[in-house]
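Participant: Predicted model and sequence follow; I will ask about them next.
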Amino acid sequence: MGGKLALLSLGILVTFTLVELAWIKLVRHGAYPWADVAASIGVKIGQKLSRVATAGLTAPVFFWAWEHRVWSLPLTGSPGGAAALAVNWAIAFLMLEFFYYWAHRLHHEVRWMWAGHRAHHSANQLNLPAAVRVSWTDLISGMWLFFVPLAWLGVHPIGIVVLLFLNLTYQFWLHTDLIPRLGPLERVLNTPSHHRVHHASNPRYLDTNYGGTLIVFDRLFGTFSEERADEPCRYGLVKPELSRNPFVIVFREYAGILADLRRARSPREAAGYLFGPPGWKPDGSGETSRRIRARAKAVPETA
């Protein structure tokens, strides 16, 4: 199954990237950022290699949770027929989306987790290949742990893999500025407009729109932000990543954590550098997202 899903994913990537390339060249008469695309592909290759180790080490945990499940949610061969299966898939989809929202949110709010996720936000232009600029370190950042409860709640591990594949494949087309707002769909679905906001470094847009396929949990938990016509998105990190070396892109934040830990004067400071928000400093002067947003709100919009 893994090989077939990988081939399908590659086919989607190549097809839609060619469409985006043609539109930018022939309609916008712009230049395609080939150096950034190469960096994204380099990061993706490393992620593919690391995923083999991650899958091998985490699969026993998922199957252990499945063996000790408190409920069963059949995704094949349900006694209730097709209607019952459709309901089960819908329930499993909503559960996965819920856990994905919190996994994604905490990977922005906890520095140790952000150190892995940072690579995905390092592209300074938003284009479809930037979607594959993803972490090599999910095993240690803990992303996979957020989905173990799904197995304990009765979703078979293979079903979790399929649902995650569909969720992440859906998100691929969100990484572009070629698609406008989509009317009523914006209320429920995560759309390119919403995801442009998520990838923006503008203060008002920081740490918002965490949903995968849906935007409803962002609206429910207060992390939703609308794309504004009067404030175009500036993509990338607050402090832009200028390197195109995949190893630098992936490991820069880990190097920063190590440097800060060497300066830590107490266990409390060490814990803050590891598990506080990105930018945290012991004296409260760090450039966290909350501090950046608060400072921006203090400046009148007409200034």
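Facilitator: Received, thanks. Numbering: from 1, shown residues only.

Participant: From here on, just use CA atoms for contacts and neighbour counts.
Facilitator: OK.

Participant: burial of Ser243, as a residue count?
Facilitator: 14 (other CA atoms under 10 Å).

Participant: ditto for Tyr101
Facilitator: If we define neighbours as other CA under 10 Å, then Tyr101 has 23 of them.

Participant: What of the one 5 residues further on?
Facilitator: Counted with other CA under 10 Å, the burial measure for Leu106 works out to 18 neighbours.

Participant: Let the chain start at 14 from now.
Facilitator: Sure, I'll start numbering at 14, so the last one becomes Leu119.

Participant: Would you mind measuring from it to Gly155?
Facilitator: 10 Å (CA to CA, to the nearest Å).

Participant: same check, this time on His208
Facilitator: In terms of CA to CA, His208 sits 23 Å off from Gly155.

Participant: who has more neighbours, the two?
Facilitator: Shown here are His208 and Gly155; by other CA under 10 Å, His208 has more neighbours (26 against 15).

Participant: And the host helix or strand of the more buried one, what does it pack against?
Facilitator: According to DSSP states H and E, His208 maps onto helix 205-211. Secondary-structure packing of helix 205-211 (3 or more CA pairs under 8 Å, 6 or more residues apart in numbering; DSSP states H and E): no helix or strand packs against it.

Participant: The helix ranked longest in the chain: how far from the chain's middle?
Facilitator: Longest helix of the chain, by residue count under DSSP state H: helix 47-80. Offset of helix 47-80 from its chain centre (CA atoms, centre = their mean, to the nearest Å): 14 Å.

Participant: Show me what counts as buried in it.
Facilitator: 49-60, 63-64, 67, 75-76, 78-79 (16 or more other CA atoms under 10 Å).

Participant: pLDDT averaged over the helix or strand following it, what's the number?
Facilitator: With elements assigned by DSSP H and E, the helix or strand that comes after helix 47-80 is helix 94-122. Across helix 94-122, the average pLDDT comes to 95.

Participant: quick one: contacts of the next helix or strand after helix 94-122?
Facilitator: Note on helix 94-122: by DSSP H and E, the next helix or strand toward the C-terminus is helix 124-130. The contact list for helix 124-130, computed with CA atoms under 8 Å, 6 or more residues apart in numbering, reads 119-121, 147-151, 154-156, 263-267, 286-291.

Participant: If you count neighbours, what's buried in the next helix or strand after helix 124-130?
Facilitator: Proceeding N to C from helix 124-130, the next assigned helix or strand is helix 151-154, under DSSP H and E. Using 16+ other CA under 10 Å as the test for burial, helix 151-154 gives 151-152, 154.

Participant: Return the list of helices and strands in contact with helix 151-154.
Facilitator: Packed next to helix 151-154, using 3+ CA pairs under 8 Å, 6+ apart, are helix 47-80, helix 124-130.

Participant: Report the rounded mean pLDDT for the longest helix of the chain.
Facilitator: Helix 47-80 comes out at a mean pLDDT of 93.

Participant: Likewise for stretch 126-144?
Facilitator: For stretch 126-144, the per-residue pLDDT averages 95.

Participant: what does stretch 220-236 give?
Facilitator: Rounded mean pLDDT across stretch 220-236 is 98.

Participant: Off-centre distance for it?
Facilitator: Using CA atoms, centre = their mean, the offset of stretch 220-236 from its chain centre is 12 Å.

Participant: Using CSV, write out every CA atom in it.
Facilitator: In CSV, the C-alpha atoms belonging to stretch 220-236 read as follows (Å, rounded to 0.1, in the frame of the first residue of the first chain):
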residue,chain,number,x,y,z
ASP,A,220,-0.2,31.1,14.4
THR,A,221,-3.6,30.8,12.9
ASN,A,222,-5.6,28.5,10.6
TYR,A,223,-4.2,25.1,11.7
GLY,A,224,-6.9,22.9,10.2
GLY,A,225,-6.0,20.2,7.6
THR,A,226,-9.1,19.6,5.5
LEU,A,227,-11.5,21.7,7.6
ILE,A,228,-11.4,25.2,9.1
VAL,A,229,-14.1,24.5,11.7
PHE,A,230,-11.9,23.8,14.6
ASP,A,231,-10.0,27.0,14.1
ARG,A,232,-13.3,28.9,14.2
LEU,A,233,-14.3,26.9,17.3
PHE,A,234,-11.1,27.3,19.3
GLY,A,235,-10.4,30.9,18.3
THR,A,236,-7.4,30.5,16.0
